[in-house]
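Asks: heads up, no residue letters with this:
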C-alpha cells in the first residue's frame, strides 16, 4: 500500500483534483458505454419482437383465407 | 480457407460465434481493469518526481493506445469492406468509431489534467498533442459521415475512405515525440518492459492496457451483434430468432 490511511489515498499527496478528475471521467465514460450497449440491445430486441407480433396479427386473418385462394389458384394453374 | 472466409463474412455465423466469445472478453475486461485500478491507485509507489499525479498514467496510456489501435482497426475493416464488400466488417467499423472517439477524448483530457502539475500547462501546440487532437476530429468526421448520407452504402464507403486516408495520422502520432520533441516525452511504456520504469509501476500499467483491449473486443462483439439485428432485421434467421425470444 502506498498510503497509510484512506484519507491520504483520497488526498493523493495534494494531486487529488488531477488524479480523480482523470480517473472519474474514464470511469464515467466506460460505464456509460457499457450501459448504452446494453440498453441498445434490449431496445432493439423489444422493437423487433413488437414488429413480429404486429405482423403475426396482421397475417392471421389473411392466413385463414389463404388456403382457399391458393387452392383456387392451384386449380386454374392445373387446368 | 475460402470456406472459412465465407463463414466469417456471414452475419449469422458471426452472431453465433460472438455469443460464445463475448462473456470471456467482458469477464477479462472487468477483472483486469478492477485489478489494475486498485493496484495503480493504491499500491503502486508514488513517482519520486511527480508524486501521486503520475497515477493518471494508468488511464492515460491505455486510452491513448486504444485510440490509435481502434483507428487502425477501422482502416483495416474499411479496406476489407471496400475490396471484398464484407458487410460484417462495415458493421464492426460502425461501432468502433464512437469508442475510438471516447478513448481519444480520455487520452486528451487526462493528459491535459496531468499537464497542469507536471508541465505547468494543460495545453501546448506540441506535435503529439496536436496530432491526437486531429485524431479526435478524424473520429468525429467518420461518425458524422455515417449520419450524412441517406443511403447506407454511400455512408459506409465514405466512412471507410476517411478511415483509410486518416490512418496516415497514426504513424505521425507515434513518431511525433521523436521527430519534434517539444513537450510530450517519448514512450515510457513498451511491451518488452525494457524501460526506465520500475516493475511495480509497469505491471499494473500492463494489466490496465490488457484490460482496455479486452474491453474494446468485448464491446465491438456486443455492439456488432446489435448492428446485425438492426441491419439484417428482415432476414429469415433474425425473424426466427426474434420469434423464439417472444
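Replies: Sure, I can see it. Keep in mind it's a predicted model, so treat the numbers as computed, not measured.
Asks: residue contacts, the residue nearest the centre of chain A?
Replies: What sits nearest the mean C-alpha location of chain A, by C-alpha atoms, centre = their mean, is residue A:41, with 1.7 Å. Listed by C-beta atoms under 8 Å, 6 or more residues apart in numbering or on different chains, the contact set of residue A:41 reads B:222, B:225, B:226, B:229. C-beta here means a position set from N, CA and C on the backbone, and glycine is covered the same way.
Asks: same thing but at 6 Å, please
Replies: Residue A:41 makes contacts with residue B:226, as judged by C-beta atoms under 6 Å, 6 or more residues apart in numbering or on different chains.
Asks: Return the per-residue confidence for it.
Replies: Here, the pLDDT recorded for residue A:41 equals 95.
Asks: Repeat that for residue B:50.
Replies: The model's pLDDT for residue B:50 equals 88.
Asks: Around the residue lying closest to it once chain neighbours are set aside, how many other residues sit close by?
Replies: Nearest non-adjacent residue to residue B:50, counting by C-beta to C-beta, 6 or more residues apart in numbering or on different chains: residue B:118, 5.8 Å away. By the criterion of other C-beta atoms under 10 Å in any protein chain shown, residue B:118 has 19 neighbours.
Asks: likewise residue B:25?
Replies: Residue B:25: 20 neighbours (other C-beta under 10 Å).
Asks: mind checking how far it is from residue B:228?
Replies: 17 Å (C-beta to C-beta, to the nearest Å).
Asks: before we move on, what about residue B:119?
Replies: From residue B:119 to residue B:228 the distance is 45 Å (C-beta to C-beta).
Asks: Could you do residue A:31 as well?
Replies: Residue A:31 sits at a distance of 25 Å from residue B:228 (criterion: C-beta to C-beta).
Asks: Which residue of these two possesses the greater neighbour count?
Replies: Between residue A:31 and residue B:228, counted using other C-beta under 10 Å, the more crowded position is residue B:228 (21 against 10).
Asks: The more buried one reaches residue B:10, doesn't it?
Replies: No: the pair residue B:228 / residue B:10 is not scored as a contact, 10.3 Å apart, by C-beta atoms under 6 Å.
Asks: one step back: roughly how far does the residue nearest to residue B:50 sit from residue B:165?
Replies: Taking C-beta to C-beta, one finds residue B:118 at 34 Å from residue B:165.
Asks: Phi, psi for residue B:148 please.
Replies: As for residue B:148, its main-chain torsions (degrees, to the nearest 10) stand at phi -100, psi 0.
Asks: nearest spatial neighbour of it, skipping sequence neighbours?
Replies: residue B:155 (6.8 Å).
Asks: Figure out the helix or strand that the one you found lives in.
Replies: Here residue B:155, judged by DSSP states H and E, is contained in helix B:152-166.
Asks: Give the buried residues for that helix.
Replies: B:155, B:156, B:157, B:158, B:159, B:160, B:162, B:163, B:164, B:166 (16 or more other C-beta atoms under 10 Å in any protein chain shown).
Asks: what touches both of residue B:228 and residue B:10?
Replies: In contact with both residue B:228 and residue B:10: no residue, using C-beta under 6 Å, 6+ apart.
Asks: Count the residues that sit near the residue nearest to residue A:40 when sequence neighbours are not counted.
Replies: Among residues not flanking residue A:40 along the chain, residue B:226 sits closest, at 5.1 Å (C-beta to C-beta, 6+ apart). If you count neighbours by other C-beta under 10 Å, residue B:226 ends up with 19.
Asks: Was I right to think residue B:226 contacts residue A:38?
Replies: No: counting by C-beta under 6 Å, residue B:226 sits too far from residue A:38 to count as a contact (9.7 Å).
Asks: For stretch B:34-41, give me every contacting residue.
Replies: With C-beta under 6 Å, 6+ apart as the test, stretch B:34-41 has contacts from B:55, B:58, B:204, B:207, B:208, B:211.
Asks: ok, and of those, which contact chain A?
Replies: Residues of the contacts of stretch B:34-41 in contact with chain A (C-beta under 6 Å from any C-beta of the partner chain): residue B:55.
Asks: Nearest to residue B:113 among the contacts of stretch B:34-41?
Replies: residue B:55 (11.5 Å; C-beta to C-beta).
Asks: Quick one: residues contacting the closest one.
Replies: By C-beta under 6 Å, 6+ apart, the contact list for residue B:55 reads A:19, B:40, B:41.
Asks: tell me the secondary structure for it?
Replies: Secondary structure for residue B:55, judged by DSSP: H, G, I helix; E, B strand; the rest coil, is helix.
Asks: pLDDT value on it, please?
Replies: On the pLDDT scale, residue B:55 gets 94.
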